[in-house]
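# Structure for the following, please:
(chains A and B)
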Amino acid sequence: MSARTTVGRAGALGSQVSLGVWFVLPLIPILLWATARSWTFPRTLPEEWGFAGAADALADGAASAFVSSLILGLVTAALATPAGAMAAYALAFGRIRHHRRISLLLLAPVFVPPFVIVMGANVALLRLHVPPSVGLALVLMVTAIPYTTFIMRSAFASYDTRIEEDARTLGASPGHVLLHIRIPMLSRAITASAFLAFLVGWSDYVITLLIGGGAFVTVPIRVAAAASGTGNEALVAALSVAAAAPPLLLLLTLNMMSRHRTSSPRETAEPSAFTPSSPVIGARI
Amino acid sequence: MRRPVLLLLPAAIPVVLVLGATVVLGLAQSLGLMPVAGNTEFGVDAYRAVFASGDLWSSLIVSVAVATVATAIALVVGLATALAVRATRVGGRMLAALAASTIPIPHIIGAAAIGLLLADSGWLPRLLGMDDGSWPQLVAGPWWGAVVLEYAWKESAFVALVVVSSMAADADEISDTAAVLGAGRLARLRYIMLPLAAPALITAGAISFIYALGSFEVPWLLGRAYPESVSVLAYRLFTSTDLAVRPQALAVAMITVGLCLAVGVAALGLLRRRSVLT
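Next up is the predicted model:
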């Protein structure tokens, strides 16, 4: 018995380590290049350490790209999170007719590749003289709505409305219930949903490129230009760190916050950004 | 809630407008209506042209093959990760954290990272001492290795998280009971874990496949100049200085979206047969 358990343990550890390597390996060269000053082929490690890439990136306009990405992420989250939450609430409790079809409609943007949306819809945006920034926000919102709707939908599935009814019986107004009961109780799901919507705007490449019409030069656009062009690996790596670090830090912060709050007794089983309970999370991101 | 339908509108109106415009105007443009320059006649000329040139066939073969192989790897690695996460407490948690940390990384960054890892002068050939030209051409190579691995890398973490979060909490108990009753490792995987994970695998697999089929930036950065993926082919036609080929770009886009919808419908059908969706 114990021999078998030891073998099983060793096997589990072995598979955990090799799978860990699979997930980490592609990130190592980025970290090495981002902290290299000179690194010639075929050396395994840089000869001199430094931040040559970061200096190049700053000279290349990385700071304004960072701000553009941030704006796109925040705007997408600000638009798609409330829209998704309201739709999910109506679908969960509203006794909507054609409930299933509407759910599928709100999921549909996942099935349409972004480049197709751009090519089909761009002509309408141009002929209606929609400003590029408005068109960009609209299309990014649409690609984020499946994630926000379905996270909130699964959160409402385990949401106990009896607390709201109790509060109403005791005289709370609908607005009071929304602000002091529903939003606080669903805060983890709302955070996860806003995080994913932020990621849609922050990570996007092809929609920003074609609908933004050059007005929005984001970090992903800088990364694409650097990676396809110059052969300056240190620049690519520094820009990649600038694109990957903020969402990673955000994920870490949210995860620590939600773990901190899990001790609260009234917490319902809601999805966090770390453990998606909706099957649609992360696909496009 | 007096008017629940009103609550649907902030999400439903943008989706209907944008997807409606995409499909209606996309089809119209591909059929020669709404020309950007000159006069084109209504008809299926653009479709005929993209099929006749042979570009579309080779692009479809490449895109479907890349998406299939990448999704297959992502499903196997993702399921293995989900099982390994459940195997032990500390190691499982660390593995889950590593897998989750790749989720918020944008695909274009993933593509740049895979490029720095697998190119001829990348880190892996340096690490393995294969700096003498014996390293296979994975970036922009004939087998699309870097593109496949980028999708497989990103989507395996996605598959793992979907499987971990959707599998019933008592899966381990059922598996343990089966073990006590004499089921071996393979039998438990085949008759307990796989059926329990199947709905999550179908959902995550379909989403990964559709993403890999329609993504632009990864094959654009890591792929080969010819044949192109369907997305790169459509993009090249769409941004061509020859505006007369614009309907062909839309024809490629419409064929791609048709394929994506077919995969989505097939996945929904599979799920419904398992009575997961009611």
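# packing partners for the least confident helix or strand in chain A by mean pLDDT?
Least confident helix or strand of chain A, by mean pLDDT, DSSP states H and E, is helix A:2-24 with a mean of 82. Packing partners of helix A:2-24 (3 or more C-beta pairs under 8 Å, 6 or more residues apart in numbering or on different chains; DSSP states H and E): helix B:55-87, helix B:89-102, helix B:145-166. (C-beta placed from N, C-alpha, C; glycine too.)
# Which residues outside the helix or strand following the shortest one are in contact with it?
Pointing back at helix B:89-102 there. Using DSSP states H and E, the helix or strand that directly follows helix B:89-102 along the chain is helix B:107-118. Contact partners of helix B:107-118, identified using C-beta atoms under 8 Å, 6 or more residues apart in numbering or on different chains, comprise A:25-30, A:33, A:203, A:205, A:220, A:223-224, A:226-227, A:233, A:236-237, A:240, A:243-244, A:285, B:102, B:105, B:122-124, B:138-139, B:145-146, B:149-150, B:153-154, B:215, B:217-218, B:221-222.
# give me that answer again for 7 Å
Residues outside helix B:107-118 that contact it (C-beta atoms under 7 Å, 6 or more residues apart in numbering or on different chains): A:25-27, A:29-30, A:33, A:203, A:205, A:220, A:223-224, A:227, A:233, A:236-237, A:240, A:243-244, B:122-124, B:138-139, B:146, B:149-150, B:153-154, B:215, B:217-218, B:221-222.
# got the angle for the helix or strand that contains A:P220 vs helix B:107-118?
Using DSSP H and E, A:P220 sits in helix A:219-228. In terms of direction (axes from the mean of the first three to the mean of the last three C-alpha atoms, to 10 degrees), helix A:219-228 departs from helix B:107-118 by 30 degrees.
# how much space between A:A124 and B:S101?
Distance, A:A124 to B:S101, using C-beta to C-beta, to the nearest Å: 39 Å.
# now the following helix or strand past the helix holding A:P220 and helix B:107-118, what's the angle there?
Where DSSP H and E defines the elements, the next helix or strand beyond helix A:219-228 is helix A:233-261. Relative orientation of helix A:233-261 versus helix B:107-118 (the same axes, to 10 degrees): 120 degrees.
# Which elements pack onto helix A:233-261?
helix A:27-34, helix A:52-59, helix A:62-93, helix A:187-203, helix A:219-228, helix B:107-118 (3 or more C-beta pairs under 7 Å, 6 or more residues apart in numbering or on different chains; DSSP states H and E).
# Highest mean neighbour count out of those helices?
The highest mean neighbour count among the helices and strands packed on helix A:233-261, using mean count of other C-beta atoms under 10 Å in any protein chain shown, belongs to helix B:107-118: a mean of 27.
# So which elements touch the helix or strand just after it?
Downstream of helix B:107-118, the next assigned helix or strand under DSSP H and E is helix B:123-127. Counting contacts by 3+ C-beta pairs under 7 Å, 6+ apart, helix B:123-127 is packed against helix A:27-34, helix B:107-118.
# Could you list the low-pLDDT ranges of the chain?
You didn't pick a chain, so chain A it is. Residue ranges of chain A with pLDDT under 70: A:1-5, A:261-285.
# Chain B was what I was after
In chain B (pLDDT under 70), the answer is B:1-2, B:35-40, B:168-169, B:275-278.
# follow-up on the earlier one: out of the contacts of helix B:107-118, which are buried?
A:25-27, A:29-30, A:33, A:203, A:205, A:220, A:223-224, A:227, A:233, A:236-237, A:240, A:243-244, B:122-124, B:138-139, B:146, B:149-150, B:153-154, B:215, B:217-218, B:221-222 (16 or more other C-beta atoms under 10 Å in any protein chain shown).
# Tell me which of the helices and strands packed on helix A:2-24 is the most buried.
Most buried among those, counting by mean count of other C-beta under 10 Å: helix B:145-166, with a mean of 26.
# List the contacts of the helix or strand following that helix.
Using DSSP H and E, the helix or strand that follows helix B:145-166 towards the C-terminus is helix B:171-180. Here helix B:171-180 makes contact (C-beta under 7 Å, 6+ apart) with B:86, B:188, B:192-193, B:196.
# and helix B:171-180, how far out from the chain's middle?
Remark: helix B:171-180 is offset 33 Å from the chain centroid, using C-alpha atoms, centre = their mean, to the nearest Å.
# Could you list every helix and strand in contact with the helix or strand that that helix is followed by?
Per DSSP H and E, the first helix or strand lying C-terminal to helix B:171-180 is helix B:185-188. Helix B:185-188 sits against helix B:171-180, with contacts defined as 3+ C-beta pairs under 7 Å, 6+ apart.
# Can you give me the buried ones in the helix it packs on?
Buried residues in helix B:171-180, counted by 16+ other C-beta under 10 Å: B:175, B:178.
# now the angle from it to helix B:55-87?
Using the same axes, to 10 degrees: helix B:171-180 against helix B:55-87 is 70 degrees.
# could you dump helix B:171-180 to PDB, C-alpha only?
Extracted C-alpha coordinates of helix B:171-180, given in PDB (Å, rounded to 0.1, in the frame of the first residue of the first chain):
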ATOM      1  CA  ALA B 171     -15.200  13.400  -8.500                       C
ATOM      2  CA  ASP B 172     -12.300  12.400  -6.300                       C
ATOM      3  CA  GLU B 173     -14.700  10.500  -3.900                       C
ATOM      4  CA  ILE B 174     -16.200   8.600  -6.800                       C
ATOM      5  CA  SER B 175     -12.700   7.900  -8.200                       C
ATOM      6  CA  ASP B 176     -11.600   6.700  -4.700                       C
ATOM      7  CA  THR B 177     -14.600   4.500  -4.400                       C
ATOM      8  CA  ALA B 178     -13.900   3.000  -7.800                       C
ATOM      9  CA  ALA B 179     -10.200   2.400  -6.700                       C
ATOM     10  CA  VAL B 180     -11.400   0.600  -3.500                       C
END
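# between the contacts of helix B:171-180, which is nearest chain A?
B:R86 (9.3 Å; C-beta to the nearest C-beta).
# check contacts around the closest one.
Counting by C-beta under 7 Å, 6+ apart, the residues that B:R86 touches are B:92, B:172.
# where does it sit relative to B:V62, distance-wise?
36 Å.
# And A:S173, by the same measure?
From A:S173 to B:V62 the distance is 59 Å (C-beta to C-beta).
# With A:I221 instead?
A:I221 is 25 Å from B:V62, by C-beta to C-beta.
# okay, now the closest residue to A:P82 other than its chain neighbours: neighbour count?
Take A:P82 and drop its neighbours on the chain: the residue closest to it by C-beta to C-beta, 6 or more residues apart in numbering or on different chains is B:P10, 6.9 Å away. As a burial measure, B:P10 scores 18 neighbours (other C-beta atoms under 10 Å in any protein chain shown).
# List phi and psi for B:P10.
Here is the backbone geometry of B:P10 (degrees, to the nearest 10): phi -60, psi -30.
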